[in-house]
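> sequence plus predicted model, see below.
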Amino acid sequence: MRRTLKLLLWLIVALLAAPFVAFAAYDLIAFQPRMPDIRRFLAQAAPEEKAPPDSIRKVLHVSYPEHFSSLVARLLLQELNAVPTGGGMLRWHLTGATWWALVELHLSEPEQTTLFLTLSPMGNDIKGFAKVSTAVVGVPLSAVSLEQAARLVTVGKAPSIYLSDPERLAHHSQALAQRAKNAL
């Protein structure tokens, strides 16, 4: 009886430890080898994306109040061509959730913001807020007001929709700017 209880206890410990061991192994095998590429993205970011103005940070915080790192993980998976193929939706969701946790674990909030601003598709095969700021709001990213930041973030959510419909862009960006003002 005692031997059976001991075996059962070891089995329970092994079952509880298995997800942590699998997570650590995935980190070492799939995420850590991509860190040099991630560091390269950070190094190549425009200065305004490395140190964005407060207006951009505030609007991003209001627009994405939770799970910002999941968006960064999704952008990294796409940029690094690491999106799983095959295995169905379960594999896709597990990969996304694992990268989300690893982004949270290994990258600081400023690094996540820089990656988001650098890797976000902004329409017309252009990536990065700094590259489109002058075209969309008429000023460089370093000088955007709260309203202009809201306009850029709105475009970043769905460039093909908002760039082709100025009225819709104005409506949604004004609502976002108002939410950001109310959050202050």
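Received it, and whenever you're ready, just let me know what you need. Residues are numbered from 1 along each chain as shown.
> show me the contacts for the residue sitting nearest the centre point of the chain.
For the chain, the residue nearest the mean C-alpha position is residue 72 (1.6 Å; Cα atoms, centre = their mean). Residue 72 is in contact with 103, 107, 112, 115, 116, 119, counting by Cβ atoms under 8 Å, 6 or more residues apart in numbering. For every residue, glycine as well, the C-beta is placed using N, CA and C.
> check which helix or strand covers residue 171.
For residue 171, the host element (DSSP states H and E) is helix 166-183.
> same thing with residue 6?
helix 2-26.
> next helix or strand past that helix?
helix 35-44.
> picking that back up, quick check: nearest residue in space to the residue nearest to the centre of the chain, chain neighbours excluded?
residue 112 (4.7 Å; Cβ to Cβ, 6 or more residues apart in numbering).
> tell me the pLDDT of that neighbour.
In this prediction, residue 112 carries a pLDDT score of 96.
> likewise for residue 63?
Residue 63 is given a pLDDT of 90.
> and for residue 160?
Reported pLDDT for residue 160: 89.
> since we're on it, how many residues are nearby?
Neighbours of residue 160 under the rule other Cβ atoms under 10 Å: 11.
> ok, and the closest non-adjacent residue to it?
residue 123 (6.2 Å).
> that neighbour: neighbour count?
Residue 123: 18 neighbours (other Cβ under 10 Å).
> pLDDT below threshold where in this protein?
Counting by pLDDT under 70, the chain contains low-confidence residues at 184.
> ok, residue 34 touching residue 82?
Yes. With contacts counted by Cβ atoms under 8 Å, residue 34 reaches residue 82, the gap being 6.9 Å.
> list residues touching both of those two?
Contacts common to residue 34 and residue 82, judged by Cβ under 8 Å, 6+ apart, are residue 76.
> export the helix or strand containing residue 130 as CSV, just CAs?
Per DSSP H and E, residue 130 falls inside helix 129-137. Provided in CSV are the C-alpha atoms of helix 129-137 (Å, rounded to 0.1, in the frame of the first residue of the first chain):
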residue,chain,number,x,y,z
PHE,A,129,4.3,53.6,-37.6
ALA,A,130,7.3,55.9,-38.3
LYS,A,131,7.2,55.1,-42.0
VAL,A,132,3.5,56.2,-42.4
SER,A,133,3.2,58.9,-39.8
THR,A,134,3.9,61.8,-42.2
ALA,A,135,1.6,60.4,-44.9
VAL,A,136,-1.3,59.7,-42.6
VAL,A,137,-1.2,62.6,-40.1
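> cool, thanks, signing off.
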